[in-house]
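> This is a predicted model, with the sequence first.
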Amino acid sequence: MSDSTFKSLMGFITANVAVLLLGFFFFPTHTTAVGQCYSTVFANFDPIYVLQRIALLGVCLLIEWRFVGWKDCSFRKLILPSRSAMHDLVIGAINLCGFAIVLFLFFTANVIPVLPASTRELVGIEWTSHTDNLLFQIVFWFVLRDFVLYWFHRLLHEFAFAWEIHKYHHSATVFTMLTASRVHFLERALSHVFVTLPLVMLGMSGEPFLAITILNDALSRFRHSMVNWGFGWFGWLVVSPITHRIHHSYLPEHWDVNYGDSLTIWDRLFGTFYEGETLNTEVGVTDNLIDNEGFIGGLLIPYALSIRRFGDSLRTNEWWQTPRRRQNEVRTEIIRDTHEDSVARRVA
Ligand SMILES: [Zn+2]
Ligand SMILES: [Zn+2]
């Protein structure tokens, strides 16, 4: 563990204790909510549910192996893990076992003990449906949620300080199906506040929420795979693994495109759909500090970078980062192979 990681970790432990103490003396309900969150994780640990999720992941891994072959499949990358795959493996395992909430609370300094289950208390409304037609509800909320997610994701890229947090997801230098789980805890908290909460306030009920979550879980596994599926004409509507791989590309021509979560219509409507022919064979970001820092450092570094960027933006009053500005920060020289298959390679 590097010196700065150790200092940041100590800072985080102090912040956690401070928030809990403050809550204990001034906001007892907050302390109770945090305590309930921690205890529910352990009290509700269900080995059967964990095994079901692992089995589902196993099926996805086997399908992927069948289509991409041994060399590119996530299964091989996870049993012989590189630094990046090791990171996915740790965070994926924590997510699969349901312990992510413990880290979620710790890495947001216990400030946000709200999770979808507690949302209704927070906004004080009942999760009642306006129609009995569940299929209609699922489609309606799926499309609306996708629209909100498009803008949330796009702003994570465009706000300089938010990008430092979202970059955690983009720091994966190989795709494994567990890369889908590699989302910074602060981003999870923000998505809860800016995506889930507004939808619940608008009336999204529990059943469609659950159905959409499961559907999205399976889709996002394949979006983070090297499988060469463009989905044919269906890909005109739905985000395919190729569409999302381009979003993770470090080639400048692929930056700031394909923000769509499940549907491509928003990218087409708002002019961010990549229409070019180039397909990247690698993924990652050019200024990748995260993979080199281990698991804890990888989670802490984005805070430091984000705070620094926030300070810069305050000073200069420049909040948006343009592709060109990010291009100036490229630390790795990139060349594009213009030969027949237009593949990309990185020069160290
Ligand atoms: Zn992104
Ligand atoms: Zn992704």
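All right, it came through fine. Predicted model only: the values in this text are computed from it and were never measured. Ligands and ions are numbered 1, 2, ... in the order given.

> tell me the phi and psi of residue 17?
Backbone geometry at residue 17, expressed as degrees, to the nearest 10, gives phi -60, psi -40.

> Per-residue pLDDT of residue 239, please?
On pLDDT, residue 239 comes in at 93.

> And for the residue nearest to it when sequence neighbours are not counted, the neighbour number?
Distance criterion Cβ to Cβ, 6 or more residues apart in numbering; nearest residue to residue 239, sequence neighbours excluded, is residue 260 at 4.9 Å. The C-beta positions use only the backbone N, C-alpha and C, and glycine is treated the same way. Burial of residue 260 is recorded as 26 neighbouring residues (other Cβ atoms under 10 Å).

> would you say residue 227 is within a strand?
No - assigned with DSSP: H, G, I helix; E, B strand; the rest coil, residue 227 falls outside any strand and is coil.

> residues touching it, list them.
64, 67, 68, 241 (Cβ atoms under 8 Å, 6 or more residues apart in numbering).

> Turn these into CSV, including distance to residue 41.
Shown next, in CSV, are the contacts of residue 227 (distance: Cβ to Cβ, whole Å):
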residue, distance to residue 41
64, 30
67, 35
68, 35
241, 32
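
> If any of the residues you listed are buried, put those into a PyMOL selection.
Buried residues among those (16 or more other Cβ atoms under 10 Å), as a PyMOL selection:
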select buried, resi 64+67+68+241
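
> Out of the contacts of residue 227, which sit inside strands?
Using DSSP state E, no member of those falls in strands.

> now the helices for the stretch 101-250 of the chain?
Taking DSSP state H, counting those that start in this stretch, the helices of the stretch 101-250 of the chain run over residues 116-123, 134-158, 160-170, 185-191, 197-202, 206-223, 241-247.

> For residue 305, which of those is the nearest?
helix 160-170 (3.9 Å; Cβ to Cβ).

> the inter-axis angle of that closest one versus helix 134-158?
110 degrees (axes from the mean of the first three to the mean of the last three Cα atoms, to 10 degrees).

> How about residues contacting helix 160-170?
Contacts for helix 160-170 (Cβ under 8 Å, 6+ apart): 153, 155-157, 179, 182-184, 186-187, 190, 248, 283-285, 290, 298-299, 302-303, 305-310, 312-313, 318-321, 325-326.

> For the stretch 51-200 of the chain, give me the ranges with low pLDDT.
111-132 (pLDDT under 70).

> Whichever strand or helix holds residue 89: which residues count as buried?
Assigned by DSSP states H and E, residue 89 belongs to helix 83-96. For helix 83-96, a neighbour-count test (16+ other Cβ under 10 Å) marks 84, 85, 86, 87, 88, 89, 90, 91, 92, 94, 95, 96 as buried.

> Now do residue 235 against residue 280, distance only.
17 Å (Cβ to Cβ, to the nearest Å).

> of the two, who's got more company?
A direct count of neighbours by other Cβ under 10 Å for residue 235 and residue 280 places residue 280 higher, at 20 against 15.

> can I assume that one is in contact with residue 249?
Yes - between residue 280 and residue 249 a contact is recorded at 3.7 Å, counting by Cβ atoms under 8 Å.

> In CSV, list the C-alpha atoms belonging to stretch 311-319.
The C-alpha trace of stretch 311-319 is given here as CSV (Å, rounded to 0.1, in the frame of the first residue of the first chain):
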residue,chain,number,x,y,z
GLY,A,311,-11.0,22.9,-7.1
ASP,A,312,-9.6,23.6,-10.6
SER,A,313,-13.2,24.1,-11.9
LEU,A,314,-14.0,26.5,-9.0
ARG,A,315,-10.9,28.5,-9.7
THR,A,316,-11.3,28.7,-13.5
ASN,A,317,-15.1,28.4,-13.6
GLU,A,318,-14.7,25.8,-16.3
TRP,A,319,-16.8,22.8,-15.4
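
> tell me the mean pLDDT over that stretch?
Stretch 311-319 comes out at a mean pLDDT of 85.

> Tell me the gap between that stretch and the middle of its chain.
Distance, stretch centre to chain centre, for stretch 311-319: 25 Å (Cα atoms, centre = their mean, to the nearest Å).

> can you pull the buried residues of that stretch?
For stretch 311-319, using 16+ other Cβ under 10 Å, the buried residues are residue 313.

> quick one: contacts for the residue nearest to residue 319 when sequence neighbours are not counted?
Closest residue to residue 319 apart from its sequence neighbours, by Cβ to Cβ, 6+ apart: residue 313 at 4.9 Å. With contacts defined as Cβ under 8 Å, 6+ apart, residue 313 is in contact with 160, 161, 319.

> Confirm that residue 313 sits in a helix.
Yes - checked against three-state DSSP, residue 313 lies within a helix.

> and the residue nearest to residue 239, what is it in contact with?
146, 150, 239, 243, 266, 267, 273.

> how many neighbours does the second one have?
Applying other Cβ under 10 Å, we find 22 other residues in the vicinity of residue 150.

> And the fifth one, by the same measure?
Using other Cβ under 10 Å as the criterion, residue 266 is surrounded by 23 other residues.

> For residue 245, give me the pLDDT.
94.

> Find the nearest non-adjacent residue to residue 295, please.
Nearest to residue 295 is residue 90, by Cβ to Cβ, 6+ apart, at 5.2 Å.

> isn't residue 45 right next to residue 98, touching?
Yes - Residue 45 is within contact range of residue 98, at 6.6 Å (criterion: Cβ under 8 Å).

> Between these two, which is the more surrounded one?
More neighbours surround residue 98 than the other of residue 45 and residue 98, with 17 against 12 (other Cβ under 10 Å).
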